[in-house]
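[1] Quick one: sequence and predicted model below, then my questions.
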Amino acid sequence: MKRRIACRAAMVAAMLTFSTPTKAEESPDMTTDQKNVLSLIETMTSSFEKGDIDTVMQTYEADQSIVFEPGEPVSDGATARQIFEQVRSVSPKFSYSGHEVIVQGDLAVHIAPWKMTGTDPEGGDVTGEGLSVAVLRRQPDGSWKMVIDNPHGSRLLATSN
């Protein structure tokens, strides 16, 4: 046990020594990169709510992995587009209870608890919630795009107890 703790402490010390990631929760103190990452997430969300799937797909790299169902990532862009269009049929509206963005070089992680409400074609209420974990990469033009998008990040927390 002591060896495990010492190993973890050494790893943390190494990480602090050899890297200086920037981390911020949604605040005016965010760096330009963090603001740009958050802006991309907001663009994706608002475009999805409007049914603008073209813009939604532009927020992802061509070789992305999106977890529409827990534990089942989709990497094919055509399939991802089709699933977004299907989910759009419930007119989803999303809200976030906060955002955290961590940037290290050309990679970033966006973490946010979310809730969704919508209406199915029969008029029934549709709700969902989870923890979104998205990995983004800086593009050659300086913009950011999502590489991995897992809105079901909290599912492991629910089963760990």
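    Everything's here; your move.
[2] pLDDT below threshold where in this structure?
    1-26, 158-161 (pLDDT under 70).
[3] Show me where it has its helices.
    2-18, 32-50, 53-58, 77-88, 155-159 (DSSP state H).
[4] Can you show me the CA trace of the longest one as CSV?
    Coordinates of each C-alpha in helix 32-50 appear next as CSV, following Å, rounded to 0.1, in the frame of the first residue of the first chain:
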residue,chain,number,x,y,z
THR,A,32,-7.9,32.4,-24.7
ASP,A,33,-7.5,28.7,-25.4
GLN,A,34,-10.0,27.7,-22.6
LYS,A,35,-12.5,30.3,-23.9
ASN,A,36,-12.1,28.9,-27.4
VAL,A,37,-12.6,25.4,-26.2
LEU,A,38,-15.7,26.4,-24.3
SER,A,39,-17.0,28.4,-27.3
LEU,A,40,-16.7,25.3,-29.5
ILE,A,41,-18.7,23.3,-27.0
GLU,A,42,-21.4,26.0,-26.9
THR,A,43,-21.5,26.1,-30.7
MET,A,44,-21.9,22.3,-30.8
THR,A,45,-24.7,22.4,-28.2
SER,A,46,-26.6,25.4,-29.7
SER,A,47,-26.3,24.0,-33.3
PHE,A,48,-27.6,20.6,-32.1
GLU,A,49,-30.6,22.3,-30.4
LYS,A,50,-31.4,24.1,-33.7
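[5] That helix: which residues count as buried?
    Across helix 32-50, burial judged by 16 or more other C-beta atoms under 10 Å covers 33-34, 36-38, 40-41, 44-45, 47-49. The C-beta positions use only the backbone N, C-alpha and C, and glycine is treated the same way.
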